[in-house]
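Enquirer: Sequence first, predicted coordinates after that:
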Amino acid sequence: MADHQEAKITLPSEPASVPAARSYVARVLTDWGLPNDTDAADAIRLIVSELATNAVQHTFGQSPTFTVDIVLERDELLRIGVTDSHPRWPQRLPAAVQQDNGRGMVIIRWLAAESGGRLSVTPTREGGKTVWIALPWTAAAQT
């Protein structure tokens, strides 16, 4: 496999784009050798769903699109980033029982940590942000 592989898709910030993002990432990772029926593939699909949902719901219509970047570095590190143009960064909210939302980032952080990965947020030149997860590829590909 190549030392560096990348894939990217830009979608409209609307609810129908969430399953489209999830399906796109699943197809790319299957092409790169991650079996679709593994725990790792399930976790990655859930992470992408949560990140895409955040990009749609929490940008308050100020980001007309969002972009999903997938990067595989040297068959060692898988990075998935979701970029939107809204300047508001994700908020870490307490997990109160009464909350109907606000748990997405908690889920993402937990899933990433369970896989030996991490979550980070970086600003874009345009004033938005990218929320990244980084996961060891060997763990994902072997699960």
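Expert: Looks like it arrived, so ask away.
Enquirer: Can you say which helix or strand has residue 79 in it?
Expert: strand 77-84 (DSSP states H and E).
Enquirer: in that strand, what counts as buried?
Expert: 78, 79, 80, 81, 82, 83, 84 (16 or more other CB atoms under 10 Å). C-betas here are computed from N, CA, C, even on glycine.
Enquirer: ditto for stretch 31-47
Expert: 32, 34, 40, 41, 43, 44, 45, 47.
Enquirer: could these go into a markdown table alongside secondary structure, distance to residue 68 and pLDDT?
Expert: Converted to a markdown table, the buried residues of stretch 31-47 look like this (DSSP: H, G, I helix; E, B strand; the rest coil; distance: CB to CB, whole Å; pLDDT from 0 to 100):
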| residue | secondary structure | distance to residue 68 | pLDDT |
| --- | --- | --- | --- |
| 32 | coil | 15 | 94 |
| 34 | coil | 16 | 92 |
| 40 | helix | 17 | 90 |
| 41 | helix | 16 | 93 |
| 43 | helix | 16 | 92 |
| 44 | helix | 11 | 94 |
| 45 | helix | 12 | 94 |
| 47 | helix | 11 | 94 |
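Enquirer: Looking at the residues you listed, which one is closest to residue 129?
Expert: residue 47 (16.4 Å; CB to CB).
Enquirer: Make sure that closest one is actually in contact with residue 106.
Expert: No. Using CB atoms under 8 Å, residue 47 is not in contact with residue 106; the gap is 12.0 Å.
Enquirer: out of everything not next to it in sequence, what's closest to residue 74?
Expert: Nearest-residue entry for residue 74: residue 3, 5.2 Å, with adjacent residues in sequence omitted and distances by CB to CB, 6 or more residues apart in numbering.
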